[in-house]
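Trainee: Need coordinates for the following:
(2 chains)
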Amino acid sequence: MEMVYEWFRTLYQETGINLPFLYDEYDRNRMIDGLFTTIKLSLVCLFFSIIIGVIGAWLQGSSFKWTRRFVSVYIQLFRNTPPLVQLYFFYFAIGTLLPRVENDWGGQSPIFGSFAWAAISLSFFAGAFNVEIFRSGIEAVPKSTVEAAEALGFSKLQIYRDITLPLAFRVVLPALNNNLVNLVKTTTLAYAIAVPEMLYEANQIWSDNVNVTEMMVFLLLAYFVLVGILVSGMNRWERAMKIPGYG
Amino acid sequence: MSWTTADPMVSLKDVHKSFGELKVLNGVSLDVMKGDVICIIGPSGSGKSTLIRCINALNDIQQGSILVEGQEVNDPKVDKLELRKKVGMVFQQYNLFPHKTALQNVMMAPVRVLKQDKVKVEEVARALIKKVRLEGKENAYPGELSGGQQQRVAIARSLAMQPDVILFDEVTAALDPETVGEVLQTIKDLAEDGMTCILVTHEMAFAREVADHIYFTDRGVIVEHGPPETFFQNAQDPRTKEFLSQIL
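Mentor: This is a model prediction of the structure:
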């Protein structure tokens, strides 16, 4: 490893191409922290946005008019506003309205930090799209298949969980794939509320080292690889879920 | 008043059903005793399928009474789970769960709905698959089976719930002529075992062979009914005669 670090140090000295996080331990730790924060934020948002999508799509099929209206207002609100504005709204509007708690040093701090707000905000943002995606999948499940389950005595919830959702899931995987890719890319917006994710840490590094060009190239490649891993994982999953002789 | 086997297992009285303005059933009454096999025949759009779909409450009715083992189906408070445990159904398009294997299709309802022990259910399911002559196809997905095979899985799936009566909704209509036979044979086996069956069918030869009673419906009413011998040889109503002359 030392040799690699040394090589990049020499590269900087010889050519001026400065990638400090590859030879300087302090910068390296910042970059690694940033990477893990991005991954953690992405995973948390992926998880909750899918949960929101599944529950939202279920509520949209509700027989209560107001439940359906509530879901559609939620979708409109989060789909028709910019995610950055949503993030600011959660962090600066809702965040300041909530009571504060005493922290370890005896001071006052908000209940949710910037990471939590980013997670909440982005989950709702991607969740709104996921509701629509899941709904399209649910509509693609033949009514006759649902009827067969009804005739066997399945309850509404059992039908949703055991029949509709597993079938809908397979239909929507490509669309879901798209939205989740977008979500991972949108985590960079958390930069705006000082979540120490990859873009934020890169900014810190280029401020200290004045190596904006190098950091930009690195960031681009880093996201390319990160999203690439997600996409190949999703594709693999898509293949694994494929039912023999179906679709 | 409790139901005994001396009473009709399924009893329809003056059943009326309409979809919006369209009247589909105009006062249908019929009784099915335990162990009976009845066939409902008639031209398309005469309300046959709707009629049997009302029996397990897949369609609701506007007027009249449907009793299944003495239990009123036309009642908003009816326990649909209890009803559907008693009444099995097999559909024209099989409607198997495409993401489950044949065995899983058969096992699913007893495990999920009846909360029976999985090991025991599997034993029963394997026996049922054998009964419908599909041994070796347990792990095939519906998409890998022919129409006739899928329909037999659907019959096994229905049997796994141990219903008292099974509704067959034109179960051979989507099959090619060669596979019709294998499905009909399975139903015949059931009938011989004493299962109460209500069939909507266009298979006249089959109806003649297995049915205890034939009902002919047209425009939402039962035009004529009787045991197969008299029905097919001695139809009285001109509409029945016309229908039979067209298809026999």
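
Trainee: Quick check: phi and psi on residue 203?
Mentor: You didn't pick a chain, so chain A it is. Backbone torsions of residue A:203, given as degrees, to the nearest 10, read phi -60, psi -50.

Trainee: Hmm, no, I was thinking of chain B.
Mentor: Dihedral angles (degrees, to the nearest 10) for residue B:203: phi -90, psi 90.

Trainee: Also the one 10 residues further on?
Mentor: Taking degrees, to the nearest 10, you get phi -150, psi 140 for the backbone angles of residue B:213.

Trainee: likewise residue A:100?
Mentor: Per degrees, to the nearest 10, the backbone of residue A:100 is at phi -100, psi 160.

Trainee: So it is in contact with residue A:111, correct?
Mentor: Yes. Proximity of residue A:100 to residue A:111 meets the contact threshold set by C-beta atoms under 8 Å, at 7.2 Å. C-betas here are computed from N, CA, C, even on glycine.

Trainee: Report the central residue of chain B.
Mentor: residue B:167 (1.5 Å; C-alpha atoms, centre = their mean).

Trainee: Not counting its own residues, what contacts whichever helix or strand it is part of?
Mentor: Residue B:167 is part of strand B:165-169 when elements are defined by DSSP states H and E. Applying C-beta atoms under 8 Å, 6 or more residues apart in numbering or on different chains, the contact partners of strand B:165-169 are B:9-10, B:32, B:49, B:52-53, B:55-56, B:68, B:86-92, B:155, B:158-159, B:187, B:190, B:195-201.

Trainee: Okay, now the sheet partners of that strand, with direction.
Mentor: Here strand B:165-169 has these sheet partners by DSSP bridges: strand B:87-90 (parallel), strand B:196-200 (parallel).

Trainee: What mean pLDDT does that strand get?
Mentor: The pLDDT scores in strand B:165-169 average 95.

Trainee: Helix or strand next in line after that strand, which one?
Mentor: Counting by DSSP H and E, the next helix or strand C-terminal to strand B:165-169 is helix B:177-192.

Trainee: Pull out the buried residues from the longest helix along chain A.
Mentor: Scanning chain A for the longest helix, with DSSP state H as the assignment, gives helix A:25-60. Residues A:27-28, A:30-31, A:34-35, A:37-39, A:41-42, A:44-46, A:48-50, A:52-54, A:56-60 are the ones in helix A:25-60 that count as buried (16 or more other C-beta atoms under 10 Å in any protein chain shown).

Trainee: Give the next helix or strand downstream of it.
Mentor: Counting by DSSP H and E, the next helix or strand C-terminal to helix A:25-60 is helix A:65-79.

Trainee: In contact with the residue in chain B positioned nearest to chain A, which residues?
Mentor: Residue nearest to chain A within chain B (C-beta to the nearest C-beta): residue B:143, separated by 2.3 Å. Listed by C-beta under 8 Å, 6+ apart, the contact set of residue B:143 reads A:243, A:244, A:245, A:246, B:98.

Trainee: Now for those: which two are most distant?
Mentor: A:244 and B:98 (9.7 Å; C-beta to C-beta).

Trainee: anything in contact with each of these two?
Mentor: Residues touching both residue A:244 and residue B:98 by C-beta under 8 Å, 6+ apart: B:141, B:143.

Trainee: Show me which of these two is the more surrounded one.
Mentor: Between residue A:244 and residue B:98, residue B:98 has the larger neighbour count (other C-beta atoms under 10 Å in any protein chain shown), namely 23 against 12.

Trainee: Tell me which residues are up against stretch B:51-58.
Mentor: With contact meaning C-beta under 8 Å, 6+ apart, stretch B:51-58 is reached by A:147, A:150-151, B:10, B:12, B:15, B:17, B:25, B:28, B:40, B:59-61, B:66, B:68, B:73, B:78, B:80, B:83-84, B:87, B:89, B:167-169, B:198, B:200, B:217.

Trainee: Which of the residues you listed fall in helices?
Mentor: Among the contacts of stretch B:51-58, DSSP H puts A:147, A:150, A:151, B:80, B:83, B:84 in helices.
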